[in-house]
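1. Predicted model follows, preceded by the sequence.
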Amino acid sequence: MNKKQYSTSKAPGAPKFLSQAIESGGFIFVSGQIHMNTDGKLIESSTADKVEQTMANISNILVAANSTLKDIVKVVIYVTDMSQMPEINEVYPAFFSEPFPVREAICVSELPLGATIEISVVAAR
């Protein structure tokens, strides 16, 4: 099976043992992104701002893979507190159009670097 790696400096860098994105089998798998800017600082304002930063990171990685948010078919959202979901649901639709991607929301006890939201996606080529 062929795999192609993608990365960009327009999203926070991944540790050397991780890829920002891998294309394989007609899909682009984007590693979980948190609300961190390229300076390595977490966005600590509103939940909406955190989602916007996270989705900007995902968008920039997809652009590096010659893709866009429109190609996303699956979204997984990890949160440290399910009470964030109503505000996430308010801003979430702005990033997608019908047919909307399938989605999972999972509550976890903690996320890397103290983040409260992490989102990973799969896009179709």
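-> Arrived safely.
2. For the helix ranked longest in the chain, buried residues please.
-> Determined from DSSP state H, the single longest helix within the chain is helix 47-64. For helix 47-64, a neighbour-count test (16 or more other C-beta atoms under 10 Å) marks 47, 50-62, 64 as buried. (C-beta placed from N, C-alpha, C; glycine too.)
3. tell me how far it is from the chain's mean position?
-> Computed by C-alpha atoms, centre = their mean, to the nearest Å, the chain-centroid distance of helix 47-64 equals 6 Å.
4. Identify the residues contacting it?
-> Residues from elsewhere that reach helix 47-64, judged by C-beta atoms under 8 Å, 6 or more residues apart in numbering: 6-8, 10-12, 20-21, 28, 30-31, 33-37, 43, 68-69, 71-72, 84, 87-88, 90-92, 95, 115-119, 121, 123.
5. and of the buried residues of helix 47-64, the nearest to C107?
-> Nearest to C107, judged by C-beta to C-beta, of these is T47 at 14.1 Å.
6. sorry, back to before: which ones among the contacts of helix 47-64 map onto helices?
-> Going by DSSP H, the helices hold 87-88, 90-91 from these.
7. what's the worst-scoring helix or strand of the chain on mean pLDDT packed up against?
-> Lowest mean confidence among the helices and strands of the chain (mean pLDDT, DSSP states H and E): strand 4-6, at a mean of 94. Judged by 3 or more C-beta pairs under 8 Å, 6 or more residues apart in numbering; DSSP states H and E, the packing partners of strand 4-6 are strand 21-24.
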